[in-house]
Each structure stands twice: as C-alpha cells, then as structure tokens.
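Engineer: My questions are about this predicted structure, shown below with the sequence.
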Amino acid sequence: MAGKILVLGATGHVGRPLVKALMARGEAVKAASRSGKPLDGAEGVVFDIADPMTFPHAFEGVDRAFVMLPGGYTEAKALLLPIIEAAATRGVKVVLQSVFGVDADDSIPYRQAELALEKSGVRWVVLRPNWFTDNFINYWKPGINAAGVIAVPAANGKSSFIDARDIADSAAAALTTDRFDGKAFNLTGPEALGYAEAAALISEAIGKPVAYHAIDDDTFVGNLVGAGVPEVYARFLASIFYPVREGWTATVTDDVRTLTGHPARQVADWVKQNAETLKS
C-alpha cells in the first residue's frame with residue numbers, strides 16, 4: 001500500500017492546487033503548514049522550514065514529498081539541505097521545486113540543493129519553474145491598483161511566465177508516477193512576454209491604463225522596503241532580475257506538456273481569469 005504524500009507550503013500558490021490535484025487522484029495527503037490545519041480534505045500537519053524539530057512528525061507515514069522554499073526566505077541551501085537529509089534518512093522520494101536557470105552554475109545555492117538531492121540515494125524529480133504569472137498579483141498588484149504601473153528592473157527582458165497551476169499539475173504528475181524519476185524539468189509558459197506586453201494585457205482585462213516602468217535596482221529595493229518588505233529579501237528579488245535583463249528567462253520549453261499531457265497556460269488566459277482580483 002502506498003504511503004502518504006507530504007506537501008510543503010500547502011497553503012501557498014503551488015501547494016494549494018497541488019493538494020487538490022493529489023486528493024482528486026485518490027492519494028493520501030499530509031498538508032504541511034505553520035498552522036497545521038487540515039486543507040481541502042487533506043490531513044494537516046505542523047511544519048516550519050526553519051525548525052527541524054517539526055520534521056519527524058511531518059514525515060511520519062510518508063513515502064513521497066513535495067519540497068519547496070516558501071517566499072520570503074533567501075537561504076535556499078541552508079534551509080533545504082536538512083529537509084532533503086530528513087527525506088533521505090527515511091527513503092522518501094522528493095519532488096523538489098527549484099528555480100529556472102540554476103543549472104547554469106553549480107555554485108548557486110538552489111543548484112547545490114539539487115546536487116545534494118541527486119546524491120542522496122532517494123528517488124527524485126527536480127522542477128525548475130520560471131517567473132510565476134501569479135506574481136502580478138503576489139507582488140505587483142499594489143502598483144497596478146494605486147498608480148496603474150508595474151515598476152521592476154527588467155529593462156526590455158522577456159520571461160516565459162508560468163501559471164502556478166501548471167507547476168502544481170507538474171508536481172502532481174511527478175509525485176504519482178516513477179516515469180520522471182531522476183530527471184530535471186524546466187517549467188515555462190508557452191511564450192515569452194516583456195513586462196510592457198503583460199501590462200497591456202492587464203490593462204485590457206481590467207479596463208484601466210497599466211504601464212510598465214523600467215527602473216533600476218536601488219529604486220526597486222526602495223519601493224519594496226517602503227511597502228514593508230525586509231531589505232535583505234528586497235535585494236534578493238532585485239538580484240533575480242539580472243537574468244531577465246540578460247535575456248536568460250525568455251526560453252520556452254514544452255516540459256509542462258511532457259509531465260502533464262496538457263500545454264502550459266497562457267498569460268492572457270490567466271489575466272482574464274484573475275481580472276477581478278487584479279482590479280480589487
């Protein structure tokens with residue numbers, strides 16, 4: 001009999017649809033969060049990524065785990081390695097949500113976490129999503145609402161934005177079959193868009209002007225800090241726009257279809273589906 005699937009970040013943008021997808025497949029799911037509350041029919045379990053004391057109970061009865069670093073944290077290697085070790089000790093398969101492009105340099109902390117997983121001896125799948133389409137709500141919505149502006153240090157760079165639901169669908173596939181074990185997948189949307197193009201789509205959907213303002217890193221950090229984001233995390237977010245400006249995030253893959261059997265969702269469709277939220 002198959003064991004349970006542990007989903008870290010279960011209340012997040014990927015975790016919540018992943019829990020639903022796994023429950024729909026008849027899997028037994030442990031939804032991990034700081035509160036430990038049950039979620040959409042799944043068993044709840046307390047988990048704090050920064051507190052290894054919460055790990056043993058979370059992994060109890062588990063044979064597969066979705067592992068990710070929640071937003072707001074920057075110490076990828078330091079935080080992910082103890083979780084990978086906890087999984088490896090128990091022989092738990094790990095589907096790791098990493099970051100697009102980290103395989104370019106083995107010194108990148110996320111890449112070091114990937115390498116540790118590859119050497120751990122357990123079954124594994126690595127998912128490397130590009131920039132989330134959902135960031136237009138998660139991060140840029142205040143600017144859209146208050147000033148009709150998306151202000152980021154992306155210059156003219158494009159990104160193949162990916163819908164969080166496609167990441168969840170990909171993770172569900174990786175967790176429920178062994179066909180993808182031992183492989184890494186670069187998850188992107190079906191096309192690369194610049195922020196000006198995305199702003200135009202949003203403007204049309206919500207019925208008011210939205211413009212893209214290309215700003216420098218320091219202005220970006222100042223805006224975030226002014227909105228209450230800790231400076232260390234604001235500087236981390238600024239740093240990951242460098243690959244955007246260099247054109248590295250414009251790559252498009254078909255890995256979502258390979259994993260799920262369906263094409264990745266388009267930004268235009270996401271915008272239409274989230275127009276009311278973007279307006280409010």
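Structural biologist: Arrived safely.

Engineer: what about H262, how many neighbours?
Structural biologist: H262: 10 surrounding residues under other CB atoms under 10 Å. C-beta: built from backbone N, CA, C; applies to glycine.

Engineer: A24 now?
Structural biologist: 11.

Engineer: now do A2
Structural biologist: Residues near A2, counting by other CB under 10 Å: 10.

Engineer: Please verify my assumption that it contacts V62.
Structural biologist: No - between A2 and V62 there is no contact under CB atoms under 8 Å: 10.4 Å.

Engineer: where along the chain do the strands fall?
Structural biologist: Assignment of strands within the chain using DSSP state E yields the ranges 4-7, 29-33, 43-46, 62-67, 93-97, 124-129, 149-152, 158-159, 183-187, 193-194, 211-214.

Engineer: Which one, of those strands, ends up nearest to S280?
Structural biologist: Comparison of these against S280 by CB to CB identifies strand 149-152 as nearest, at 16.9 Å.

Engineer: Return the list of helices and strands in contact with that closest one.
Structural biologist: Where contact means 3 or more CB pairs under 8 Å, 6 or more residues apart in numbering; DSSP states H and E, strand 149-152 is packed against helix 141-147, helix 195-206, strand 211-214, helix 217-226.

Engineer: Ok, which of the strands of the chain comes nearest D255?
Structural biologist: Taking these one by one with CB to CB, strand 183-187 is closest: 4.2 Å.

Engineer: Please export the C-alpha coordinates of the closest one as PDB.
Structural biologist: C-alpha atoms of strand 183-187 as PDB (Å, rounded to 0.1, in the frame of the first residue of the first chain):
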ATOM      1  CA  LYS A 183      15.200  14.000 -14.200                       C
ATOM      2  CA  ALA A 184      15.000  17.800 -14.000                       C
ATOM      3  CA  PHE A 185      12.400  19.800 -15.800                       C
ATOM      4  CA  ASN A 186      12.500  23.500 -16.800                       C
ATOM      5  CA  LEU A 187       8.900  24.700 -16.500                       C
END
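
Engineer: Could you tell me which strands sit next to that strand in the sheet, and their orientation?
Structural biologist: Strand pairing for strand 183-187, using DSSP bridges, gives strand 124-129 (parallel).

Engineer: The partner strand vs strand 93-97, what angle?
Structural biologist: 10 degrees (axes from the mean of the first three to the mean of the last three CA atoms, to 10 degrees).

Engineer: pLDDT (mean, whole number) over strand 124-129?
Structural biologist: Mean per-residue pLDDT for strand 124-129: 98.

Engineer: about what we covered before: let's have the strands of the chain in JSON lines, adding distance to H262.
Structural biologist: Output for the strands of the chain, formatted as JSON lines (distance: least, CB to CB, whole Å):
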{"stretch": "strand 4-7", "distance to H262": "21"}
{"stretch": "strand 29-33", "distance to H262": "22"}
{"stretch": "strand 43-46", "distance to H262": "28"}
{"stretch": "strand 62-67", "distance to H262": "19"}
{"stretch": "strand 93-97", "distance to H262": "18"}
{"stretch": "strand 124-129", "distance to H262": "16"}
{"stretch": "strand 149-152", "distance to H262": "28"}
{"stretch": "strand 158-159", "distance to H262": "21"}
{"stretch": "strand 183-187", "distance to H262": "13"}
{"stretch": "strand 193-194", "distance to H262": "20"}
{"stretch": "strand 211-214", "distance to H262": "30"}
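
Engineer: Could you report the neighbour count for E75?
Structural biologist: Neighbours around E75, by other CB under 10 Å: 13.

Engineer: can you give me phi and psi for it?
Structural biologist: phi -90, psi 70 (degrees, to the nearest 10).
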